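**Student:** Here is the input, now give the coordinates:
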Amino acid sequence: MENIQEREISQKAPMPLSPRLSIYRLHPVTLASGAHRISGLVLILFVPFYIWLFIALTGSPEEFQNAIDVLRTFWGKAALWVVGMALIYHLLNGVRFLTIDAGWTDRRDLMRSGAKVMLAIAVVVAPLLGALLWL
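**Tutor:** Reported below is the predicted structural model:
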């Protein structure tokens, strides 16, 4: 015989196995974590750029000058800005994750404040790095 709880559960609408992203609110911790993943992806996707740059800067004087000329273009500066921002953010947010994993900042309020600090650092550093590259 079926008990009452099992009958009530079977009459409810089935819950999705994997919730859609649209039901989540974007908290600072969520944004910081997502930005960390995106910055890591950017760093990986730019590996061919790093290899080309390393080969060009250590090659002949002509290859060196060609690399410098490419880096002085708008797209070269934009690539350096994207890679620089990804590197800075990923490094600093990685340290934040290490402090959480070590148990030093694993309280909810410390995680939120740490995420807010990381996002604030990104907002402050982005124009500074841009000004450094374009001036």
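**Student:** From now on I want contacts and neighbour counts done on CA atoms only, so please keep to that.
**Tutor:** OK.
**Student:** what residues does stretch 77-86 touch?
**Tutor:** Here stretch 77-86 makes contact (Cα atoms under 8 Å, 6 or more residues apart in numbering) with 39-40, 42-43, 46, 71, 122, 125-126, 129-130, 133-134.
**Student:** ugh, wrong one, I meant stretch 58-65
**Tutor:** Ala56, Leu57.
**Student:** thinking again about what came up before, which one of the contacts of stretch 77-86 is nearest to Leu53?
**Tutor:** Checking these against Leu53 by Cα to Cα gives Leu71 as the nearest, at 9.3 Å.
**Student:** Spell out which residues sit in contact with that closest one, please.
**Tutor:** Taking Cα under 8 Å, 6+ apart as the test, what Leu71 contacts is Lys77, Leu80.
**Student:** Distance-wise, check Phe74 relative to His36.
**Tutor:** Applying Cα to Cα, to the nearest Å, the value for Phe74 to His36 is 26 Å.
**Student:** Those two: which has the busier surroundings?
**Tutor:** More crowded of Phe74 and His36, by other Cα atoms under 10 Å: His36, with 21 against 12.
**Student:** Look at the nearest residue to that one once chain neighbours are set aside and tell me its secondary structure.
**Tutor:** Distances taken as Cα to Cα, 6 or more residues apart in numbering place His90 nearest to His36, at 5.6 Å, with adjacent residues excluded. When classified by DSSP: H, G, I helix; E, B strand; the rest coil, His90 comes out as helix.
**Student:** Tell me how far His90 lies from Pro61.
**Tutor:** 33 Å.
**Student:** and if you look at Ala131?
**Tutor:** For Ala131, the distance to Pro61 equals 28 Å [Cα to Cα].
**Student:** Go ahead and measure how far the strand or helix carrying Val95 is from the middle of the chain.
**Tutor:** Here Val95 sits within helix 74-101, counting by DSSP states H and E. In terms of Cα atoms, centre = their mean, to the nearest Å, the centre of helix 74-101 is set 7 Å apart from its chain centre.
**Student:** Cheers, nothing more for now.
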